[in-house]
Every structure is written in C-alpha cells, then in structure tokens.
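# Sequence plus predicted model, see below.
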Amino acid sequence: MKAKITIRSVDAMQPPAKGEAMLWDSEIKGFGLRCRCGGEKTYILGYRAGAGGRKAPYRKYTIGRHGSPWTPEQARDEAKRILGQVTQGADPAAIKKELRAAETMADLAVRFMDDHVRAMRKDRTAAEYQRLIDNAILPTLGKLRIVELTRADVSKLHRSLRGTRYQANRVLAVLSSMLNKAESWGLRPDHSNPCNHIEKYKETARSRMLSADELARLGPAIAACDAVYARAAIKLLLFTGARKNEILTLQWQHVDFERGEANLSDSKTGAKTLHLPPPALEILQSLERVAGNPFAIIGQKSGTHLVNLEKQWYGIRKAAGLDDVRIHDLRHAFASVGASSGEGLHMIGKLLGHSQAATTARYAHLQSDPMKMAAAGIAGKLEAAMRGKSADIVELKRA
C-alpha cells in the first residue's frame, strides 16, 4: 500500500488481524509506517547500504513509534536526514546496532530513571527505584551489556538476595521493568526479558494487630511524649487509619472542619478524601497554625512539614512495652477495630484508601470476632445454668 504518510493516513490505518501491515510513503522512497496486529505503529526507513544497487544489502532502520515525539512530519525529516547519510556511504542501521550492542545495564539504568521513572512515577517511588538499582542491581549487573544479560544472570542475583525475600522480589520487579523498557526502546529483541519465568519468593504479609490491653498501654505512652506535633501526628494516624505521609504532608487548606474531612489532592492511590472523626478533629483544632507554613504537622525548618517520626515513636513504643510495633501498624489497628466491630470490608477499604479489595481481605477473619463473642456469651450462660448458677435466662413463650 502506497500513499503520502500524513496524520490522517496514519490515524486511518487499521491493525491487521495478524502479523503486520505496511504503508509506504509515495514521496520518499523507503520511508514507511509499520502497523502490527496489536495496534503499535512505527516509522521505518528501508534502504540499500553501499554501492551495488539492488545487489547491495537491504537495511531497515527504525525511526520510532508514532506518538510523542514522532509525528509524520518529524519522522519524514528524520528519514531525509538518514538518507543523506546513506548517499555519503554510511550505514546508519549498522551504526545504530553497534551502539545499541555496546550499551551496558548501567547506561540503561540512567535512561530508565530519567526518561521513564521520574516522568511517570511519584518522587518517593522514584527514590525507592534508585535505591534498589544502586544497591542491588548495578553492583552485580552494571557492567554487562544489555543484549548479553541472561536469565542465569538474573536468577543468580535473585538467589543472592534470598536472605531478604521482600527486597529480592522488589529488585526482580524493578529489573523486569527496566528490561521491558529496553525492548520498547529497541535495545533488546521483543519478548526476550530474562526476568520472565523466574519465580518470586513467597512473602508472608505482616499485619501486627493491637489488643485492647496494648492500646490501653499505648495511650499513656503517647500522652507522655513531649514533642507536640509528633504526638499529634501519631494520634491522627491511629484515629484515621491514614498513611504516614498523608498525615505529615496534610495542609490546612485541605481540611474541612464542618464536613469532618480532608481532601487530599494526592496520595499513594491518587486523590483521596480522608475522613476525620471527632477525636481527629479535636487534635487538629488544638494545633497552633504557624504563619507562612501551610502544613498542620510542622517541621523544624520554616515552612516545612515534619519528615520523621521514628525517634519519637521508638520512645513511645518502648514506654508502652510494644517494641515490635511499627508506625504502619497503627493503620492496621484502625482497620482491625473496624472489622471486629462489624464494619464491612468494602467500607474499611474505602476508609483506608485501598485501590484493590485483596489488600483489605487480610482483615476478613476479624469480622467473625463479634459472632464469636456472642456465641461465647450464650454458651457461658448455658454452662452457668447447668451448674445451677443464676444466668438471667428468660423463658420465651409462643406468641
């Protein structure tokens, strides 16, 4: 099929049922658009390298996928530039292949972070990706060429981290994402990701629940903390079930005291309404607003929010005798009390801001606790009656 490649002809081109279809430009010889059955459209240039006419080797040069930054006009200009090199005796496709083969995993890591992660992910996620790349991936794989990386290399790295299973699986996930991007950028053949078929380690979800006795010990320990804003933050975490960063970055402009909620423009799962029950509102109303600082939980530096609760939390949990309880477990405490009080998992998930129901399902077993308590009470009275003790049993009469 031949026609001038324009935005209209590109948009009109439909994916084939299988394989790929080509649209060749009617003005520039060798310039074309390839459309695969999955819908991916890519600008290419075919040419003969060197002298010899039709006997010269045929090359296909991939200009880039349709879409940002490649428009038909930009791809056309690039095709002209490449053809100019060909007329001067160069072989751009061979040069590109050599450069691609020379790139290392360290080179890929830089491009992956700059062109993908920092552009598409939140700052905290990008920082965690960079940490895993710097501490685990590059020391072992950084000098290897991208095209040479094998499943054996990846498996060896994964096994070396088996002592920290959670981190081993996170490293595998980041590495897999890097190599998927390498394929999409043409740095590796399609469907060649060596992370495929490497089994992740089984992880045991840690959900530390707080008993009524432990909560009774925690209350006085929090009250004894002399850091006003840290104390307030920890109470807000417990009373709202919010994530730590949602409380630490909470701004006064987001708080609606009349409606009892905070409208967060951004959270781990996007925009979120954080519900503020009366105890949480009381804490916020007790905090002093500092001129020039938009945050409710203010930090040490002017105009900033508090960034670290660990020091205060370690002191609180030591005073309460709860050395194994993390700050994040306050969120579990909120959820577990809700579940054991009979609240549905859907409601708990909405309050916590879970994006997937499976995340909330860890609290399903707690929903049976009220029934267990009721059953225990009934059985206790029956047992007392059989032993001849008063059990306040009232005889029911038929209507």
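Nice, I can see it. Numbers count the residues shown, from 1 in each chain.

# centroid residue for the protein?
The residue lying closest to the centre of the chain (C-alpha atoms, centre = their mean) is residue 125, at 6.7 Å.

# Check which helix or strand that residue maps to.
Residue 125 belongs to helix 123-132 when assigned by DSSP states H and E.

# Please apply the same query to residue 97.
Per DSSP H and E: helix 92-102 holds residue 97.

# pLDDT on that helix, on average?
When pLDDT is averaged over helix 92-102, the result is 76.

# For it, which residues meet the burial criterion?
For helix 92-102, the neighbour count (16 or more other C-beta atoms under 10 Å) marks 92-93, 100 as buried. Every C-beta, even on glycine, is put in place using the N, C-alpha and C of the backbone.

# got it, and stretch 59-73?
Under the neighbour-count criterion of 16+ other C-beta under 10 Å, stretch 59-73 has 59, 61, 63-66, 70, 72 buried.

# got it, and stretch 9-26?
9-10, 13, 21, 23-25.

# do stretch 44-58 as well
Buried-residue list, stretch 44-58, by 16+ other C-beta under 10 Å: 44-49.

# For residue 256, list the residues it contacts.
262-263 (C-beta atoms under 8 Å, 6 or more residues apart in numbering).

# beta partners of it?
Here residue 256 sits in beta bridges with residue 261, going by DSSP bridges.

# And it, how close does it get to residue 274?
Applying C-beta to C-beta, to the nearest Å, the value for residue 256 to residue 274 is 10 Å.

# Need the overlap of contacts for those two.
Counting by C-beta under 8 Å, 6+ apart, the residues touching both residue 256 and residue 274 are 262-263.

# Let's verify the spatially closest residue to residue 41 that is not a sequence neighbour: helix, strand, or coil?
In this structure, residue 41 finds its nearest non-sequential neighbour in residue 66, 4.0 Å apart by C-beta to C-beta, 6 or more residues apart in numbering. Three-state assignment for residue 66 (DSSP: H, G, I helix; E, B strand; the rest coil): strand.

# gap between residue 66 and residue 142?
33 Å.

# now do residue 34
33 Å.

# Determine the longest helix present in this protein.
As assigned by DSSP state H, the longest helix anywhere in the chain is helix 165-184.

# And the contacts of it?
105, 108-109, 111-112, 116, 128-129, 132-133, 136-137, 141, 146, 149, 154, 157-158, 161-162, 188-196, 198, 200-203.
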